[in-house]
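Visitor: Predicted model, plus sequence, below.
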Protein chains: 2
Amino acid sequence: MAYHDLLGVAAADATDLLEHFERATYEGREYLHLSDTRHGVERGTVLVDGTVVRGFPKIPRTLVLDPGIRRFFDGPFAVEEKLNGYNVRLARVGDDVLAFTRSGYVCPFTTRTVPDRLAVGDFFDDHPDLLLCGEAIGPENPYTDHDYPTVDSLAFHVFDIRHRESGDPLSVDRRRRLCDDYGFPQARSFGVFDPASGAAAVRDVIEELDSEDREGVVMKSLDGRKLLKYTTSAANQGSLAYAFAVPFDYGPEFLFPRVMREAFQSVEFGESEEAARARAHALGESILLPAVRAIREVEREGATGEEHTVRGPPEAIDGLFEHLERMKLRITVLDDEVEEGERVVTFLKHSASTTDSVQSYLDGQTFRA
Amino acid sequence: MAYHDLLGVAAADATDLLEHFERATYEGREYLHLSDTRHGVERGTVLVDGTVVRGFPKIPRTLVLDPGIRRFFDGPFAVEEKLNGYNVRLARVGDDVLAFTRSGYVCPFTTRTVPDRLAVGDFFDDHPDLLLCGEAIGPENPYTDHDYPTVDSLAFHVFDIRHRESGDPLSVDRRRRLCDDYGFPQARSFGVFDPASGAAAVRDVIEELDSEDREGVVMKSLDGRKLLKYTTSAANQGSLAYAFAVPFDYGPEFLFPRVMREAFQSVEFGESEEAARARAHALGESILLPAVRAIREVEREGATGEEHTVRGPPEAIDGLFEHLERMKLRITVLDDEVEEGERVVTFLKHSASTTDSVQSYLDGQTFRA
């Protein structure tokens, strides 16, 4: 069967769609991944050895809980925690379970570390056509560094299960029961609410999560098909601080939307002048101070970037660094140790764009704006 | 003579160039103005009745005084105050003196108010081929609202004189003497400096201007040909506050560059942790609080925008409102009085983009980012 049939795309669009897939390889196995959503097929969709692995859809966001929630849902919805890590899809391809990043690369580190921590073999033996979607969180991974008090190294929490080929989700209830059956950690559930009265309940959840420096919620229709997200101030500001540590890499596109999330939240939460001012100060700090530190670092060290620590079997670590090299990222290893048979490596992922831009502006190059 | 010859553009590029001019009219007179810099011809260049009026060039900015200044200038340079108002070019066209905005529109308000305040008739009788470039500043104008302690209503300060057709500038010295001869107010001069030692002097100037909430400086090679600008923190934050009063109109493009100006200035000025934090708080306030106020205003009043007051002869005020109408701007007059034969009108220039975006997000429309 042709791939476009598997993807449910008309034959007339098949050529255009296939042209937008990019080639990559994992352990000698060639695969294609889609770099942008196209003809209704999600970014990150993968074609490998006759198997389709659908991408995870982009979740719309509301800037106001009320009336955002009532306008979006026409029936009861579940509220689950949105975790701050990186989005991973696990699927069985042939005899292997592979872990795919949001954009559809096979991540060798995640492929070799996450399945060890979960009974995915049993799950895929029983459900070879399903796709486990979850968040890899914790301090020891190559992509993010948000801390969770209960995660020492790396954990994988399932927040969705879909049909691998169609992308259709299981219902919330069925997904949560399946995860229980296989002992998979899940995104925390805060219960089911009605659209008419749910905003107040979600606001309480958001305030609790905010006070714990957690990211926010994803609200889901009970059939799993409609998803809506809303984040805490801690997450809005935290992601700005993360972005402005390498400002010329992520700054421009991160900045404006997060400022507006903060502004709408301040208004909806009815903040006093004093509370709005305190939020403004925290917002200013999350933007300016990391940028100042990045400029100082380039001035002093000649480079800046993101520091990550990873822990895993030696072959997972080797696979990761080969992958980062293929992605043309410059890496400096800062620390490399063996602890109980696992390698623990701390490295700097150089930010070429920030380093080069900061260096040239420090050298007096004129600025466009 | 063909326009492209007057503009010094090769015949081969003439068609493409002319296609990028847009048509407009002023009192029944049709003219063309260039919407974007092209083939070396500046944005805002005007073709009217066989006369060429060159646009004012975009001035490059440095993010660091040192080594920015030494890298940019190869000889002594003059330092003049950069004023915070709107850029106006005055030129004689036929028998009239017309005032052109940065983008090359004839501004009926400026055309009818500024020449009354200056002896431009004498000037253009003597120098019909020159172009007076200056900043219109003060609280009573339709475009900006920055206050200067010595300007009650509207004033025009010359900062450049150029050849109308070629755009070539007069030397700094000749321009300042000419302005003196005709009694034209000028941008304040802080003197002439050497590239090797000038950065420290300019920093002193910037700190003084910053403490007075003034905008910054333009540095100029003595022949007037090389221009470089640098602004105060007060101006960086002030323009953010201005932009975030109508965030969806100006926010995205204003935000990132100004944050980076602040970050480089903090580093170059060697700020302590405490000073950088204070700057971050002020920056946060200049971004978030105007946005919060704008959202509240849309929630309460159904609209937001920029409030301006203008003062002038009745026909100048009529001309202005006809012009704003042709520009498809929605205006609400808030106050309209006559004082000593002049009309004084306060009006709201509706910000369609901010009003519509805020309204729809308040209504629960999902957000793209």
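Guide: Arrived safely. Numbers count the residues shown, from 1 in each chain, chains lettered A, B, ... in the order given.
Visitor: So for A:D363, what's the nearest residue that isn't a sequence neighbour?
Guide: In space, and not counting its chain neighbours, A:D363 is closest to B:P67: 6.5 Å by CB to CB, 6 or more residues apart in numbering or on different chains. No exception for glycine: its C-beta is placed from N, CA and C like everyone else's.
Visitor: repeat for A:R368
Guide: A:R368 sits nearest to B:P257 (CB to CB, 6+ apart), 7.5 Å away.
Visitor: Just give me how far the host helix or strand of A:V310 sits from the chain centre.
Guide: Assigned by DSSP states H and E, A:V310 falls within strand A:305-312. Centroid displacement of strand A:305-312 relative to its chain, using CA atoms, centre = their mean, to the nearest Å, is 16 Å.
Visitor: what residues does it touch?
Guide: By CB atoms under 8 Å, 6 or more residues apart in numbering or on different chains, the surrounding residues in contact with strand A:305-312 are A:109, A:112-113, A:139-143, A:145, A:153-154, A:245-246, A:317, A:320, A:334-335, A:339, A:342-351, A:354-355.
Visitor: now with 6 Å?
Guide: The contact list for strand A:305-312 (CB atoms under 6 Å, 6 or more residues apart in numbering or on different chains) reads A:T113, A:E140, A:P142, A:S153, A:E342, A:V344, A:V345, A:T346, A:L348, A:K349, A:H350, A:S351.
Visitor: which of those residues sit farthest apart?
Guide: A:E342 and A:S351 (27.5 Å; CB to CB).
Visitor: Residue numbers of chain A in contact with chain B?
Guide: Taking CB under 6 Å from any CB of the partner chain as the contact definition, chain A meets chain B at A:60-63, A:67-68, A:71, A:251-252, A:255-257, A:259, A:263, A:266-267, A:276, A:280-281, A:283-285, A:287-289, A:291-292, A:295-296, A:361, A:364, A:366-367, A:369.
Visitor: Buried subset of those as a ChimeraX selection?
Guide: Burial among the residues of chain A next to chain B is assessed by 16 or more other CB atoms under 10 Å in any protein chain shown; the matching ChimeraX selection reads:
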select /A:61,62,63,68,71,251,252,255,256,257,259,263,266,267,276,280,281,283,284,285,287,288,289,291,292,295,361,364,366,367
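Visitor: Okay, and which of the residues of chain A next to chain B map to strands?
Guide: A:R61, A:T62, A:T366, A:F367 (DSSP state E).
Visitor: Verify the contact between the last one and B:R61 for me.
Guide: I take that to be A:F367. Yes: between A:F367 and B:R61 there is a contact under CB atoms under 6 Å: 4.7 Å.
Visitor: how far out from the middle of the chain is the helix or strand harbouring A:V298?
Guide: Counting by DSSP H and E, the element that carries A:V298 is helix A:273-301. Computed by CA atoms, centre = their mean, the chain-centroid distance of helix A:273-301 equals 24 Å.
Visitor: And the residue in the stretch 151-300 of chain A positioned nearest to chain B, how far from B:G284?
Guide: Per CB to the nearest CB, A:G284 is where the stretch 151-300 of chain A lies closest to chain B, at 2.4 Å. Distance of A:G284 to B:G284, computed by CB to CB, to the nearest Å: 2 Å.
Visitor: Where do the domain boundaries of chain A fall?
Guide: Listed by automatic domain parsing, the domain ranges of chain A are A:1-53, A:57-230, A:234-301, A:305-362.
Visitor: Pipe those into JSON lines and attach mean pLDDT per row.
Guide: Converted to JSON lines, the domains of chain A look like this (pLDDT from 0 to 100):
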{"stretch": "domain A:1-53", "mean pLDDT": "90"}
{"stretch": "domain A:57-230", "mean pLDDT": "94"}
{"stretch": "domain A:234-301", "mean pLDDT": "92"}
{"stretch": "domain A:305-362", "mean pLDDT": "91"}
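Visitor: highest average neighbour count across these?
Guide: Comparing these by mean neighbour count (mean count of other CB atoms under 10 Å in any protein chain shown), domain A:234-301 ranks first with a mean of 20.
Visitor: And it, end to end?
Guide: 30 Å (CA to CA, to the nearest Å).
Visitor: Report the distance from that domain to the chain centre.
Guide: Worked out by CA atoms, centre = their mean, domain A:234-301 lies 19 Å from the chain centre.
Visitor: where along the stretch 201-350 of chain A do the helices fall?
Guide: Using DSSP state H, counting those that start in this stretch, the helices of the stretch 201-350 of chain A run over A:233-244, A:247-268, A:273-301, A:314-326.
Visitor: Of all those helices, which one is nearest A:A199?
Guide: Of all these, helix A:247-268 comes closest under CB to CB, at 9.0 Å.
Visitor: what helices or strands is the closest one leaning on?
Guide: Helices and strands touching helix A:247-268, by 3 or more CB pairs under 6 Å, 6 or more residues apart in numbering or on different chains; DSSP states H and E, are helix A:233-244, helix A:273-301, helix A:352-362, helix B:247-268, helix B:273-301.
Visitor: Could you figure out how far it is turned away from helix B:352-362?
Guide: Orientation check (axes from the mean of the first three to the mean of the last three CA atoms, to 10 degrees): helix A:247-268 against helix B:352-362 gives 60 degrees.
Visitor: Report the inter-axis angle for helix A:247-268 versus strand A:305-312.
Guide: Going by the same axes, to 10 degrees, helix A:247-268 makes 90 degrees with strand A:305-312.
Visitor: Touching helix A:247-268 from outside, list them.
Guide: By CB under 6 Å, 6+ apart, helix A:247-268 touches A:63-64, A:236, A:240, A:243-244, A:276, A:279, A:283, A:291, A:351, A:353-354, A:357, B:251-252, B:255-256, B:287-288, B:291-292, B:295-296, B:369.
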